[in-house]
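Colleague: Below are the sequence and a predicted model; questions follow.
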Amino acid sequence: MDLRKRCKQLASMLAPNKLDALVVTSAPNVRYLSGFTGDNGALLVSAGSTTLFTDPRYEIQAAGETGCKVIVARGPLLERLMAEARRKRLRRLGFERDRISYREFQTLDENRAPGARLDPVVGAVEQLRCLKDPGEVALIRHSMQIAVRAFEQAAGCVRSGMTEADLAAELDHRMRTGGAEASSFETIVAAGRRSALPHARPSRAPIKEGQLVLIDMGALADGYASDMTRMLHLGEPSRKVRQMYAAVLEAQMAAIEAVRPGVPAATVDRVARRTLRRYGFDRLFVHSTGHGVGLEIHEGPRLGRTSQDTLETGMVVTIEPGVYLAGFGGIRIEDTVVVTSNGAEVLTQLSKQLRIL
Ligand code: ZN
Ligand code: ZN
């Protein structure tokens with residue numbers, strides 16, 4: 001991964017926005033630009049240079065992980081960073097509006113040179129992160145493989161009477177032993193009526209014969225997330241479940257079919273909704289069709305009704321339509337896909353048929 005190129009790209013956005021430098025405080029953005037994986041770091045990115053500020057606990061780690069200049073601060077990082085900005089006479093400083101606490105902002109403000117300006121910046125690094133380079137795609141592919149393998153292994157252990165929490169723990173354990181450093185978000189296992197809660201927390205409720213089981217999971221490996229949802233059914237599903245499942249599957253495949261560079265992300269969302277409308281299920285689809293995946297589980301682009309984003313080659317996004325019927329249950333099918341020059345490559349290499357146990 002070419003970290004210097006990323007910093008250069010970011011630096012090239014400074015002058016057009018009337019900035020001398022950007023203060024980067026969000027951990028995933030710091031990691032993206034510098035390679036530093038510690039949890040206390042900040043970057044000062046200007047046209048000519050990138051400097052990482054961290055504390056003494058990370059001195060050795062920072063030197064090994066990043067190629068940029070490192071300053072180990074003995075006191076508060078942002079005070080040290082602002083001292084460096086004053087020394088370099090950087091007078092127009094951008095800061096990450098959505099990624100900074102009020103206290104951190106106060107520190108920047110209290111330590112700026114007289115007459116120096118602080119300008120809020122939104123999504124500058126995040127915009128770069130939408131487009132993955134081949135190295136990042138390889139990491140997400142690997143993260144996805146770990147999740148798929150864990151799913152295959154754990155699905156084989158599901159028995160009536162097992163609790164949602166036990167199955168979630170089994171999935172997490174399999175991901176960890178399979179090479180993940182963590183799960184990319186809290187694994188969702190929701191059975192029966194609870195599957196109608198799109199973001200259910202696994203409960204101590206036992207999974208019973210005749211129930212649908214929604215599993216939404218992903219691995220975090222080398223810092224990169226993956227995201228997938230599959231459905232199990234204990235015993236023969238009813239006609240209603242089969243109909244709902246067929247509609248969601250059709251919507252999911254139609255949406256993947258619509259993925260191509262140059263296509264507005266909102267169009268992909270519309271395709272999924274239009275398919276569900278034919279079956280009368282569009283009102284039960286209560287979230288957006290997908291989101292970008294990378295260093296964070298939810299990042300740009302957004303694939304929703306009001307999204308202004310346009311798909312580009314190298315974006316990695318989820319496609320995850322679902323229908324949720326209160327008191328009955330929910331069905332979601334989710335893949336992580338990469339936008340290629342002529343369409344989409346599905347990274348979730350796993351059957352999409354309803355798995356009947
Ligand atoms: Zn998911
Ligand atoms: Zn998702």
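Modeller: Everything's here; your move. Ligands and ions are numbered 1, 2, ... in the order given.
Colleague: Going along the chain, name the helices of this protein.
Modeller: For the chain, the helices defined by DSSP state H occupy 3-12, 27-34, 59-65, 77-87, 102-110, 124-129, 134-155, 164-177, 239-258, 265-278.
Colleague: so can I have CSV of those helices showing distance to ligand 2?
Modeller: Placement of C-beta: from N, CA and C, glycine included. Putting the helices of the chain into CSV (distance: least, C-beta to the ion, whole Å) gives the following:
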stretch, distance to ligand 2
helix 3-12, 25
helix 27-34, 17
helix 59-65, 28
helix 77-87, 33
helix 102-110, 29
helix 124-129, 17
helix 134-155, 12
helix 164-177, 15
helix 239-258, 12
helix 265-278, 13
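Colleague: and among the ones you listed, the most buried is which?
Modeller: helix 27-34 (a mean of 23; mean count of other C-beta atoms under 10 Å).
Colleague: who in the chain is up against ligand 1?
Modeller: In this structure, the chain approaches ligand 1 at residues 216, 227, 334, judged by C-beta under 5 Å from the ion.
Colleague: follow-up on the earlier one: residue 47: which of the helices of the chain is closest?
Modeller: Comparison of the helices of the chain against residue 47 by C-beta to C-beta identifies helix 3-12 as nearest, at 4.9 Å.
Colleague: Which elements pack onto the closest one?
Modeller: helix 27-34, strand 41-46, helix 124-129 (3 or more C-beta pairs under 8 Å, 6 or more residues apart in numbering; DSSP states H and E).
Colleague: so which of these gets nearest residue 112?
Modeller: Nearest to residue 112, of all the helices and strands packed on helix 3-12, is strand 41-46, at 12.7 Å by C-beta to C-beta.
Colleague: Measure how that closest one sits relative to helix 27-34, angle-wise.
Modeller: Interaxial angle, strand 41-46 versus helix 27-34 (axes from the mean of the first three to the mean of the last three C-alpha atoms, to 10 degrees): 50 degrees.
Colleague: For the residue lying closest to residue 45 once chain neighbours are set aside, which residues are in contact?
Modeller: Spatial nearest neighbour of residue 45, excluding adjacent residues (C-beta to C-beta, 6 or more residues apart in numbering): residue 22 at 4.9 Å. Counting by C-beta atoms under 8 Å, 6 or more residues apart in numbering, residue 22 makes contact with 10, 14, 43, 44, 45, 46, 93, 94, 95, 96, 121, 124.
Colleague: just curious, which of the residues you listed is nearest to ligand 1?
Modeller: residue 96 (25.7 Å; C-beta to the ion).
Colleague: What pLDDT is listed against the closest one?
Modeller: Looking at residue 96, its pLDDT reads 98.
Colleague: List the contacts of the residue of the stretch 101-250 of the chain found nearest ligand 2.
Modeller: Nearest to ligand 2, among the residues of the stretch 101-250 of the chain, is residue 227, at 4.2 Å (C-beta to the ion). Contact analysis of residue 227 by C-beta under 8 Å, 6+ apart lists 184, 185, 216, 217, 218, 293, 297, 318, 320, 334, 336.
Colleague: just to revisit the earlier point, report the two of the contacts of residue 22 separated the most.
Modeller: 46 and 96 (15.3 Å).
Colleague: Not counting sequence-adjacent ones, nearest residue to the residue in the stretch 1-150 of the chain that ligand 1 sits nearest to?
Modeller: For the stretch 1-150 of the chain, the residue closest to ligand 1 is residue 147, as judged by C-beta to the ion, at 9.9 Å. Distances taken as C-beta to C-beta, 6+ apart put residue 219 closest to residue 147, at 4.4 Å, once the chain neighbours are dropped.
Colleague: tell me the pLDDT at the residue positioned nearest the centre of the chain?
Modeller: By C-alpha atoms, centre = their mean, the chain has its centre lying nearest to residue 297, at 2.0 Å. pLDDT for residue 297: 98.
Colleague: wait, what's in contact with it?
Modeller: 184, 185, 218, 225, 227.
Colleague: pLDDT score assigned to the nearest residue to the fourth one once chain neighbours are set aside?
Modeller: Yep, that's residue 225 we're talking about. Computed as C-beta to C-beta, 6+ apart, the closest residue to residue 225 that is not its neighbour in sequence is residue 184, at 3.5 Å. Note on residue 184: pLDDT of 98.
Colleague: What is the burial count for residue 184?
Modeller: By other C-beta atoms under 10 Å, 23 other residues sit near residue 184.
Colleague: Same check on residue 328?
Modeller: Residues near residue 328, counting by other C-beta under 10 Å: 17.
Colleague: isn't it right up against residue 196?
Modeller: Yes. Counting by C-beta atoms under 8 Å, residue 328 does reach residue 196; the two are 6.5 Å apart.
Colleague: now the closest residue to residue 241 other than its chain neighbours: how far from residue 187?
Modeller: Of all residues not flanking residue 241 in the chain, residue 212 sits nearest, at 6.2 Å (C-beta to C-beta, 6+ apart). Distance of residue 212 to residue 187, given as C-beta to C-beta, to the nearest Å: 17 Å.
Colleague: Kindly report the same for residue 213.
Modeller: 12 Å.
Colleague: Equivalent analysis for residue 126, please.
Modeller: In terms of C-beta to C-beta, residue 126 sits 25 Å off from residue 187.
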